[in-house]
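Student: pasting the structure only:
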């Protein structure tokens, strides 16, 4: 058909009866459960898209064909919506105009389903950049709000709410001449409408503009808040939910306006957190989480704690629905295979090289494993989790001041005869562990044995939460004499690893991994017993828990290190791991956790891994090669070849690092017989930062293990390392920095030509105000090492980095890397003594951080300290050293006689 532009679409277009029947037939078929029929329907729909007026038929069925049933009409609209998404720019003008006018004429259809479908269609057209090209849309919808007809008003509001959700940014910009100045006051009028559905739409529309602090809303902020308060007792749950949501967002954005009413708001939110409707209660519970992050939380909430804490604790009980969904009555399910959708995608964390610190608790905590994650199969976020998270955050705000409100409740809960109540008490105890640890210590000698007993409770859900809570107190358990709590806890946890319930197995495995991290070498006496259990679990576990078991084994290897390298342990552990390794195909994502696990095991076993290393090494190189080849094909012909999953390559590179670190010089033969360095040259230039990050870690490890094979490539590698010293990608930058340092130690004076490629960037990084600690430490070590091998090239810049250099390295442990870096700084000071004069006190402090330097390094320190003292004279030195803190003064006097 050829459209004639002059004709007025809405009057002229009439469907052809035969065409209409054909489309109705298709719509009917597409509702069939049979997948083959659905596929044919998809193909036919694609073909029909060739006809310009196909979309007219679709809108006609949606808006005009009242004789059809609603699901069919709605489906027609949804297919049209997908066409709009995919091909809107190709619609002829006439078709576009016809669709737009039909939408506006039918937004008040008597059927809620059809109204909602028209609304979705309108917002989809609007978000295709059509808000600019459809100038009468917003004014028309706003005027329809005043219609006497409920359907029209509700339909228009539904459409507006969707537009506000999808196009909030453009509505608040000059592009459209700021329609919100009219819309927001208009919405506020409807807060008092007599229909609950309309009130709910009105609040939801305004809520879209809180977080972005939209000017038009900020002008009416007081009337908005006043109107919200008027809706506080609304009988419609959806309205109450939107009111709670608004107040939670206003906390973040306009605390100043809420403060005068804070007492009443807190009282209100206390009621709503106990709302009969769980969606309202959950929305209200978010309020405590958000408030806890505000500086004023402590003062505002303190008088409400006696009421709030019991409400949160009460919310932490499983609801009846939860228990059904969690199959809480199924105690034994270990023989039932997992359904594949239960298994969450795992993300591999690429290797990052970090320094060891002195044990004074300045290590930043790993935050990733501690989430309150006890029931991951329920819809992920629910009232129980939100209440537990809020209690956790509040415990961190009030610390031990929270305990008077919690302890009386805990006494009641933890020994309760109903399992659901007891279970919630154990969750409470775990939630406050981080914030209230100090205050809980006096009670732990009584509580920990009670919890260890709960590990054999007859309810699986009690056993599983107990695993989690005990892991939150692992740090304290490990600080006590091992026989008191560690041994009984470990014994019981190992039994739970072999529980007959899958959820308990999972919780126990995760808890055991946390215990391993805390206990480290304390576990060495029990290794045989631990390995016995973990290896037995291999034969017992279904798919999902196997993946967690790999993690527990890897963490064990990280924790006990070379103590694992005993023939009898290797004999137990390696056969089942290698058996799994041989079973898995190269495309299987289960390789990720297994490769990570093997990487830790190889590093721990060192030479003990030699009998297994060749096939493992070979496969890793193949995985890298395969992935690179697939990526090249995909780059050349994206429509023919799909992009590879680069995680395979990243995990393989990391395992190769583990092998290089564990086997050291023994890896030399394997490297000699493979093309790994050529492959690394490609990986270092990959678009994906994680690939580069892992390849630089491997470069550093191979440099340490067998530099003779790396050296021929240095001229190619160094410029790439230089361009990756970009702190935007922290981990890439960190690993590149570390690798440069390792290379310089091997290259010695031959490093000279490469210094200009890297020195400038390194000095810039070490002077960055908020650079992460690990990056600063590695940068300082590498600058020191470059100065050690090429002092003439680096020393002239001494003054630009000496101060941050000294502060970065004062907290790391004495080790080889620190040793070479300090030798470098001493050598540079002897070349350019004036570079250190202004910051000499920082140098003194850094020298004092050494516990026992090697004798010749100590002599270097002595020489510099005495040289400085002699140069300035006794009187000036005394004035200078009087600024030192006392411990520094005493240390320098004792160790270096100054």
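Tutor: Received, thanks. Remember, it's a predicted structure, so these values are computed and weren't measured experimentally.

Student: name the SS class of the nearest residue to residue 616 once chain neighbours are set aside, please.
Tutor: Residue nearest to residue 616 in three dimensions, not counting chain neighbours: residue 598, with 6.4 Å by C-beta to C-beta, 6 or more residues apart in numbering. Heads up, the C-betas are built off the backbone N, CA and C, glycines and all. Look at residue 598: counting by DSSP: H, G, I helix; E, B strand; the rest coil, its state is helix.

Student: residue ranges with poor pLDDT in the stretch 201-350 of the chain?
Tutor: Of all residues in the stretch 201-350 of the chain, those with pLDDT under 70 make up the ranges 328-329, 340-350.

Student: and residue 544, what helix or strand is that in?
Tutor: helix 543-560 (DSSP states H and E).

Student: least confident secondary structure element in this structure?
Tutor: The least trusted helix or strand in the chain, going by mean pLDDT, DSSP states H and E, turns out to be helix 9-12, with a mean of 50.

Student: coming back round to it: following the helix holding residue 544, which helix or strand shows up next?
Tutor: helix 567-583.

Student: just to revisit the earlier point, how much space between the residue nearest to residue 616 and residue 620?
Tutor: As for residue 598, its distance to residue 620 is 9 Å (criterion: C-beta to C-beta, to the nearest Å).

Student: could you report the neighbour count for residue 386?
Tutor: Taking other C-beta atoms under 10 Å as the neighbour definition, residue 386 ends up with a count of 24.

Student: skip the chain neighbours and tell me the closest residue to it.
Tutor: residue 285 (4.3 Å).

Student: the one you found against residue 315, yeah?
Tutor: Yes - counting by C-beta atoms under 8 Å, residue 285 does reach residue 315; the two are 6.4 Å apart.

Student: mutual contacts of those two, please.
Tutor: Overlap between the contact sets of residue 285 and residue 315, as judged by C-beta atoms under 8 Å, 6 or more residues apart in numbering, is given by 273, 383, 386-387.

Student: export these to a markdown table and append columns for distance to residue 177.
Tutor: Conversion of the shared contacts of residue 285 and residue 315 to a markdown table gives the following (distance: C-beta to C-beta, whole Å):
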| residue | distance to residue 177 |
| --- | --- |
| 273 | 42 |
| 383 | 43 |
| 386 | 41 |
| 387 | 45 |
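
Student: buried set for the helix holding residue 544?
Tutor: By neighbour count, with 16 or more other C-beta atoms under 10 Å as the criterion, the buried positions of helix 543-560 are 544-560.

Student: pLDDT on it, on average?
Tutor: Model confidence over helix 543-560 averages 93 on the pLDDT scale.

Student: from the chain's centre, how far out does that helix sit?
Tutor: Computed by C-alpha atoms, centre = their mean, to the nearest Å, the chain-centroid distance of helix 543-560 equals 20 Å.

Student: now swap in stretch 653-665 and tell me
Tutor: For stretch 653-665, the distance between its averaged C-alpha position and the chain's averaged C-alpha position is 27 Å (C-alpha atoms, centre = their mean).

Student: and the contacts of it?
Tutor: 348, 350-351, 595-596, 598-600, 602-607, 609-610, 613, 616-617, 620-621, 624, 667, 670, 676, 680, 683, 691, 694-695, 697-698, 701-702, 704-706.

Student: of those, keep whichever come out buried.
Tutor: Buried residues within these, defined by neighbour count using 16+ other C-beta under 10 Å: 348, 350-351, 595-596, 598-600, 602-606, 609, 613, 616-617, 620-621, 624, 667, 670, 676, 680, 683, 691, 694-695, 697-698, 701-702, 704-706.

Student: now, these that are in strands?
Tutor: In strands, judged by DSSP state E, none of these are found.

Student: can you tell me which of those end up in helices?
Tutor: The subset of those located in helices under the criterion DSSP state H comprises 595-596, 598-600, 602-605, 613, 616-617, 620-621, 624, 670, 676, 680, 683, 691, 694-695, 697-698, 701-702, 704-706.
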